[in-house]
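S.K.: my questions concern the predicted model and sequence given below.
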Amino acid sequence: MKGISLGGRRPSAGCGAKLLPLPGNDFDNTIRSFLLVFMGAAGFVLLIACANVANLQLARAVGRRKEVVLRAALGATRWRLVRQLLTESIVLSLLGAALGTLVAYLGVNLMRTNVPAEQVKDIPGFYTMQLNGRGLEFTLAVALLTGIISGLAPAIRTSKVDLMKTLKEDGRSSTIGSKPLRLRGFLVAAEFALALMLLVGTGLMVKGFVRMYNNQTQDFDPQNVLTVRIALSRGKYPTPHQRAVFYKQVLDRIATIPEVESDGAANSLPSSGEWDSVVFRIEGHATSVLTEKRHADLESASGNYFRTLRIPLLKGRDFTSHDEEGTAPVAIISASMARRYWPNEDPLEKHIKLGASDSKEPWMTIVGIVGDVKQNILSRTPRPTLYVPYPQSPPAIISLVVRTSVNPLSLISSVRHEILSVDKEQPIFGIKSMEDFLADNMGGIQIATALMGSFGVVALVLAAVGIYSVMAYSVSQRTQEFGVRMALGAQRRDIVSLVVSHGLKLAVIGLFVGLPGAFALTRVMSSLVFDVAALDLPTLAGFVLLLLAVATVASCLPAMRATKTDSIEALR
């Protein structure tokens with residue numbers, strides 16, 4: 001990399017600049033992983049749809065066999081027939097793409113106008129997404145590719161004709177031989193293999209999202225907690241002392257409400273993603289520009305904040321009323337911070353300082369260690385967190401947390417009254433229960449869960465349609481066979497068993513082929529999306545049984561139709 005010239009001077013050889021992401025900032029990578037998973041799921045559904053369309057075109061080839069033979073007799077080459085059939089498939093695909101583009105346009109506008117801002121605030125570019133030229137070009141390319149994939153095999157199969165044999169037929173037979181039937185069976189097996197992989201991936205992701213939500217609350221108790229946001233005007237409260245006095249008065253007044261068990265305050269709440277990362281020094285630990293700087297998320301909190309959210313105090317003490325402005329600076333650290341920066345020693349009574357080596361900030365004494373909480377819903381692990389008492393560093397925006405003995409929403413008016421009694425002109429916003437606050441922040445995850453679930457449902461329906469179409473076609477081709485069997489004494493249950501067993505055979509073959517793919521997919525997903533298990537046998541077994549049940553039901557319908565075959569009519 002070439003050096004950067006400053007002031008016209010020639011830089012030293014080897015000098016340069018290197019850009020690195022902020023430590024612990026894995027949010028963009030997580031979003032990218034989610035997008036890859038969704039694109040993969042959409043690709044699976046598209047492949048299943050291609051197999052279904054190919055099956056339908058193979059069935060349609062029965063009625064068009066005479067037409068193809070006549071075209072061939074009039075001089076059409078096989079390549080010309082393939083081009084014609086492929087063109088028809090591509091036109092069908094383009095019409096579907098046009099309809100899909102319209103649905104996508106309406107869906108994008110519907111999402112942008114109806115999804116709450118709290119649920120998508122961490123998704124970059126959500127409100128600016130739109131169908132543009134690149135999107136249309138991609139859609140056109142996918143439509144062309146889909147038309148070729150779904151139409152190539154039927155086109156090649158249909159264009160392969162025996163002129164003399166076909167022209168001599170009397171037209172009463174509708175069979176096109178066993179090869180097309182085997183091809184359709186292969187496509188159905190492929191559908192079931194893809195459906196199993198997609199359903200397993202969907203199930204694991206949904207379970208992972210549920211686990212992710214539970215992990216947001218494992219280190220504190222969000223039940224019966226009311227949250228309120230306050231933003232103080234710097235013009236009205238210009239000094240830290242004025243802000244600290246206001247917060248103390250508000251907390252003292254809210255504590256007098258009979259239904260309030262405890263109350264506290266902090267500048268950011270768990271899972272909000274609004275925490276600030278700071279650099280700090282440890283007294284007695286050497287640092288240099290060549291070593292990694294120490295980072296932690298900074299939080300300004302009141303003494304009762306941990307008790308109100310029931311964040312466990314693991315060691316040391318909580319903030320007290322003596323930790324006021326002008327007293328010796330103190331700090332409380334999270335368990336993850338203690339493990340990372342003091343792995344083999346007790347961090348209590350150690351001294352740390354915010355900022356780099358030339359910082360003028362005072363040294364702070366560590367007085368306590370508390371449990372970890374995640375600052376972001378998509379955080380893989382809790383980041384090191386540093387808490388300071390709000391009187392020593394009062395922020396302009398703060399969140400109040402109020403633990404109640406009743407439904408927290410029933411105390412909104414009382415809490416609002418106490419805040420306005422301190423300053424009747426003070427704006428109040430973000431009033432909701434802690435559970436609702438977490439649910440809003442998990443809204444994007446819920447949308448992703450619903451999207452993956454819809455992919456799984458579509459795959460299941462397409463697989464059912466695929467095996468139904470093959471079984472229905474097979475029954476129509478075996479009408480004479482079933483008539484002969486029933487004339488020779490076969491019972492209805494024998495015919496049903498024969499048809500259903502054939503359908504289950506195709507499903508079992510597809511599931512057997514799809515099992516290795518499902519195992520591989522779970523490992524890929526576990527590396528891309530955290531909280532997704534690499535191997536979940538109950539989920540795998542459940543979806544295998546579900547697909548077998550779907551195959552049974554889809555095969556039973558044509559089988560019941562086969563039992564209504566009139567033996568005399570079939571033989572005639």
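M.R.: Looks like it arrived, so ask away.
S.K.: so which residue is smack in the middle of the protein?
M.R.: The centre of the chain sits closest to A448, judged by CA atoms, centre = their mean, with a distance of 3.9 Å.
S.K.: what residues of the one helix or strand that residue maps to count as buried?
M.R.: Element membership of A448, judged by DSSP states H and E, is helix 443-477. Of the residues in helix 443-477, those scored as buried under the neighbour-count criterion (16 or more other CB atoms under 10 Å) are 443-445, 448-449, 452, 455-456, 458-460, 462-475, 477. (Glycine included, C-beta is placed from N, CA and C.)
S.K.: state the mean pLDDT of it.
M.R.: Averaged across helix 443-477, pLDDT comes to 76.
S.K.: by contact count, what packs against it?
M.R.: Here helix 443-477 touches helix 27-63, helix 117-120, helix 178-216, helix 492-528, helix 537-562, going by 3 or more CB pairs under 8 Å, 6 or more residues apart in numbering; DSSP states H and E.
S.K.: P362: which of these is closest?
M.R.: For P362, the closest of these is helix 27-63, at 32.4 Å, according to CB to CB.
S.K.: if we can go back for a sec, hmm, T202 and the residue nearest to the centre of the chain touching each other?
M.R.: No: the pair A448 and T202 does not pass the contact test of CB atoms under 8 Å, sitting 10.9 Å apart.
S.K.: list the contacts for S399?
M.R.: Taking CB atoms under 8 Å, 6 or more residues apart in numbering as the definition of contact, the neighbours of S399 are 227-230, 265-269, 430.
S.K.: among the residues you listed, which lie within strands?
M.R.: Secondary structure from DSSP state E places 227-230, 265-266, 430 of these in strands.
S.K.: format those as JSON lines; extra columns: neighbour count.
M.R.: Output for these, formatted as JSON lines (neighbours: other CB atoms under 10 Å):
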{"residue": "T227", "neighbour count": "21"}
{"residue": "V228", "neighbour count": "22"}
{"residue": "R229", "neighbour count": "16"}
{"residue": "I230", "neighbour count": "22"}
{"residue": "A265", "neighbour count": "26"}
{"residue": "A266", "neighbour count": "23"}
{"residue": "G430", "neighbour count": "16"}
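S.K.: what's the neighbour count on L348?
M.R.: L348 has 16 neighbouring residues, counting by other CB atoms under 10 Å.
S.K.: now do K160
M.R.: Neighbour tally, K160, other CB under 10 Å: 13.
S.K.: so how many other residues sit close to the residue nearest to it when sequence neighbours are not counted?
M.R.: The shortest distance from K160 to any non-neighbouring residue, by CB to CB, 6 or more residues apart in numbering, is to R78 (7.2 Å). By the criterion of other CB under 10 Å, R78 has 14 neighbours.
S.K.: first to last residue in stretch 211-223, what's the distance?
M.R.: Terminal residues of stretch 211-223 lie 18 Å apart, using CA to CA, to the nearest Å.
S.K.: quick one: residues contacting the nearest residue to A507 once chain neighbours are set aside.
M.R.: Counting by CB to CB, 6+ apart, A551 is the residue found nearest to A507 once chain neighbours are left out, at 3.6 Å. Under the criterion of CB under 8 Å, 6+ apart, the contact list for A551 reads 192, 463-464, 467, 503-504, 506-507.
S.K.: same thing but at 6 Å, please
M.R.: Taking CB atoms under 6 Å, 6 or more residues apart in numbering as the criterion, A551 is in contact with 467, 503-504, 507.
S.K.: mind checking how far the host helix or strand of T101 is from the chain centre?
M.R.: If you go by DSSP H and E, T101 is part of helix 78-114. Averaging C-alpha coordinates over helix 78-114 and over its chain gives two centres that are 26 Å apart (CA atoms, centre = their mean, to the nearest Å).
S.K.: any buried residues in that helix, and which?
M.R.: Buried residues in helix 78-114, counted by 16+ other CB under 10 Å: 81-82, 84-86, 88-90, 92-94, 97, 101.
S.K.: same question for stretch 554-565.
M.R.: Buried residues in stretch 554-565, counted by 16+ other CB under 10 Å: 554-556, 558-559, 561-563, 565.
S.K.: of the residues you listed, the lowest pLDDT goes to which?
M.R.: Where pLDDT dips furthest among the buried residues of stretch 554-565: T565, at 65.
S.K.: so who does the closest residue to K350 other than its chain neighbours touch?
M.R.: The shortest distance from K350 to any residue other than its chain neighbours is 5.1 Å, reached at I366 (CB to CB, 6+ apart). Taking CB under 6 Å, 6+ apart, we find I366 in contact with 331, 333, 347-348, 350.
S.K.: direction included, what does the helix or strand hosting I366 pair against?
M.R.: Secondary structure here is read from DSSP H and E; on that basis I366 sits in strand 364-370. Each strand paired with strand 364-370, and its direction, by DSSP bridges: strand 313-316 (antiparallel), strand 330-334 (parallel), strand 351-354 (antiparallel).
S.K.: check those for me and report the most buried one.
M.R.: Per-residue neighbour counts averaged over each of the strands paired with strand 364-370 give the maximum for strand 330-334, namely a mean of 25 (mean count of other CB atoms under 10 Å).
S.K.: can you list the neighbours in contact with whichever helix or strand comes after it?
M.R.: Towards the C-terminus, the helix or strand next in line after strand 330-334, according to DSSP H and E, is helix 335-341. Counting by CB under 6 Å, 6+ apart, helix 335-341 makes contact with 296, 314, 347, 369, 371-372, 382, 384, all of which sit outside it.
S.K.: out of those, which end up buried?
M.R.: Members of the contacts of helix 335-341 that pass the buried threshold by neighbour count (16+ other CB under 10 Å) are listed as 296, 347, 369, 371-372, 382, 384.
S.K.: of these, closest to P395?
M.R.: Of these, the one sitting nearest to P395 (CB to CB) turns out to be A296, at 16.4 Å.
S.K.: which strand or helix spans the closest one?
M.R.: A296 is part of strand 294-301, with elements assigned from DSSP H and E.
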